[in-house]
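# Sequence and predicted model, in that order:
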Amino acid sequence: MAEQYRALQGFKDILPEEQPYWRYVENTASRVAEQYGYRRIETPLVEETAVYRRTSGEGTDVVDKEMYSFGDRADKEGNSLSLTLRPEGTAGVVRAYLEHGMFKMAQPVKFYYLSAPMFRHDKPQAGRYREHHQFGCEALGEVDPAIDAELIGLLYQVYAQLGLQHIRVYINSIGDGTCRPQYIELLKAYYLPLLDTACDDCKVRYYKNPLRLLDCKEPQDQAKIAGAYQVPFTLDPLIVRGLDYYTRTVFEFTSEIDKVALNGGGRYDGLAEVLGGAHTPGIGFGAGVERIIQELKRQNVTPPAEAKTRVFVVYFDKTEEQKNLAVRITSELRHAGIKTEMSYGDRSRKAQMKQANSSDATYAVLIKEEDLASGAVTVRDLQAEGMDIDNKQVQVKRENLIDYFSA
Ligand code: HAM
């Protein structure tokens, strides 16, 4: 027998069972990012090594020890470029911003990337992989600390909408002038899901003067105010980040439960110049999707389930005619947007029924010899329990099947 292979150490398959978590994080993150005016960007997985070496910085672990670098095939003159698999998302986005002249657009230009694979030859351990995926945002061309606050608020909102709790925000090197907008943004992120039940004045304050939310004297809002003082926000002079390009604001969010860093980010006002552009302020963050999913599991947040199979089509006798009809009905239902399955490989009626039951389908369509002439098929409710068989089954004309299952 030939040798069997396993995925490389630190690399992971993301199996179908895991996909609802990924989709939940991706849908939530992209929805929030777009509400904040960020637009999706995808940059190549491979860049010239210099793009990362010059930005993340010689002397950092990411550059010195962890990059997957290799020589490209030589050109006709025998020259070969050094290439690197993307270890982080920021350098590529800034390179693209400069390359496409986006500094000529209205500033800031705001991007997000989603489940973007990153490669670091890190020591594999819990929550640390050699391939991981990031949701990230980058805002280029603006120095106003309001954008720092916006990004932190956006990310906080993603975690809140995912249903995560006990998230703590650590920020370093923020002057007085920036504290207030940061706080206001967090305060607004905290209040947004509570607005429906807030008093009418608070609904106006939220837009006009959010700090006044804390002054409200209405009894119904007192619990909200008490909660707002718990927006976990800590100025932490000990935060240092593992990449060289950061300049002023740096921040990390951790889960209070296990102290794991869910994301990292900050300002990188000098990065564009290093890549040959004009001085361009920038700020962003990257959040590890694997870390977010790990945290969702720890906090028992379950993502919306996958759509269930609605119909399983079963043909009773292994005749060509019945099977053809089964294939036709299956594809008609699928084209009408109804999730439909049938079994393959000419299985017996009993084996097909068994598959239908274990597929957790809501209905079975049963095709029998006598139905071929009548133009109708039997529809059995597979979820109805305890009823006798006649109450679980109805005859439905073929031309009415789509309507029957769409209802
Ligand atoms: P970073 O802190 O190196 O920053 O990575 C961001 C996040 O990616 C981490 O907080 C963590 O959630 C996740 N992460 C990093 N390494 C691994 C790993 N080996 N396994 C699993 N997850 C990991 C950056 O990459 C910056 N580009 C972030 C940024 C964007 N700063 C400004 N804009």
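Good, I have the coordinates.

# Note down every partner strand of the helix or strand harbouring Tyr113 and its orientation.
Assigned by DSSP states H and E, Tyr113 belongs to strand 109-119. The strands beside strand 109-119 in its sheet (DSSP bridges) come out as strand 39-40 (parallel), strand 131-140 (antiparallel).

# Contact residues of the stretch 201-350 of the chain facing the ligand?
242-243, 261-266, 268, 284-288, 290-291 (C-beta under 6 Å from any ligand atom). Where you see a C-beta, it was placed from the backbone N, CA and C, and this is true even at glycine.

# Taking the stretch 301-407 of the chain, what residue is nearest to the ligand?
Closest to the ligand within the stretch 301-407 of the chain is Val301: 17.3 Å, counting by C-beta to the nearest ligand atom.

# pLDDT wise, what is the closest residue to that residue other than its chain neighbours at?
Using C-beta to C-beta, 6 or more residues apart in numbering and skipping the chain neighbours, the partner closest in space to Val301 is Gly163 (4.5 Å). pLDDT recorded at Gly163 is 95.

# so who does Gly163 touch?
Leu296, Gln299, Val301 (C-beta atoms under 8 Å, 6 or more residues apart in numbering).

# quick one: buried residues of stretch 3-15?
Gly10 (16 or more other C-beta atoms under 10 Å).

# Can you report how many residues lie near the residue of the stretch 101-250 of the chain at minimum distance from the ligand?
Distances between the stretch 101-250 of the chain and the ligand by C-beta to the nearest ligand atom are smallest at His132, namely 3.4 Å. Other residues lying near His132 total 21 when counted by other C-beta atoms under 10 Å.

# In which helix or strand does Ile171 reside?
Using DSSP H and E, Ile171 falls in strand 167-172.

# before we move on, back to that, so which of the residues of the stretch 201-350 of the chain next to the ligand comes closest to Arg328?
Glu290 (43.1 Å; C-beta to C-beta).

# how near is the residue lying closest to that closest one once chain neighbours are set aside to Ala287?
Distances taken as C-beta to C-beta, 6+ apart place His132 nearest to Glu290, at 5.4 Å, with adjacent residues excluded. Counting by C-beta to C-beta, to the nearest Å, the separation of His132 from Ala287 is 10 Å.

# Likewise for Gln161?
13 Å.

# out of the two, which sits in the busier spot?
Neighbours were counted for Gln161 and for Ala287 using other C-beta under 10 Å; Ala287 has more, 22 against 16.

# and that one, that's in a strand?
Yes - assignment of Ala287 by DSSP: H, G, I helix; E, B strand; the rest coil places it within a strand.

# Relative to Arg86, how far out is Leu114?
In terms of C-beta to C-beta, Leu114 sits 14 Å off from Arg86.

# before we move on, what about Ile41?
Relative to Arg86, and taking C-beta to C-beta, Ile41 is found at 13 Å.

# Does the residue of the stretch 101-250 of the chain closest to the ligand touch Gly286 like I think?
No - between His132 and Gly286 there is no contact under C-beta atoms under 8 Å: 9.7 Å.

# what's the overlap in contacts for those two?
Met118.

# and the residue nearest to Gly266 when sequence neighbours are not counted, backbone torsions?
Using C-beta to C-beta, 6+ apart and skipping the chain neighbours, the partner closest in space to Gly266 is Val250 (3.5 Å). Backbone geometry at Val250, expressed as degrees, to the nearest 10, gives phi -130, psi 150.

# one step back: please list the residues outside the strand holding Tyr113 that contact it.
By C-beta under 8 Å, 6+ apart, strand 109-119 touches 22, 25-26, 29-30, 33-34, 36-43, 45, 67-68, 85-89, 93, 97, 102, 130-141, 286, 289.

# Emit the PyMOL select command for whichever of those residues are buried.
To isolate the buried members of the contacts of strand 109-119 in PyMOL, using 16+ other C-beta under 10 Å:
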select buried, resi 22+25+26+29+30+33+36+38+41+43+67+85+86+87+88+89+93+97+102+130+131+132+133+134+135+136+137+138+139+140+141+286+289
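
# Lowest mean pLDDT among the helices and strands of this protein, which one is it?
Lowest on mean pLDDT, DSSP states H and E among the helices and strands of the chain sits helix 222-228, with a mean of 66.

# hmm, back to that, out of the residues of the stretch 201-350 of the chain next to the ligand, flag the one nearest to Ile402.
For these, the nearest to Ile402 is Glu290 (40.8 Å; C-beta to C-beta).

# Give the next helix or strand downstream of the helix or strand hosting that closest one.
Per DSSP H and E, Glu290 falls inside helix 289-298. With elements assigned by DSSP H and E, the helix or strand that comes after helix 289-298 is strand 311-315.

# what does that next one rub up against?
322-323, 325-326, 329-330, 333, 338-343, 349, 352-353, 355-356, 359, 361-367, 382, 405.

# Just those: which are in helices?
322-323, 325-326, 329-330, 333, 349, 352-353, 355-356, 405 (DSSP state H).

# Please identify which pair of the residues you listed lies farthest apart.
Arg349 and Phe405, at 21.7 Å, using C-beta to C-beta across these.

# Have a look at the two and say which one is more surrounded.
Under the criterion of other C-beta under 10 Å, the comparison of Arg349 against Phe405 puts Phe405 first, with 20 against 14.
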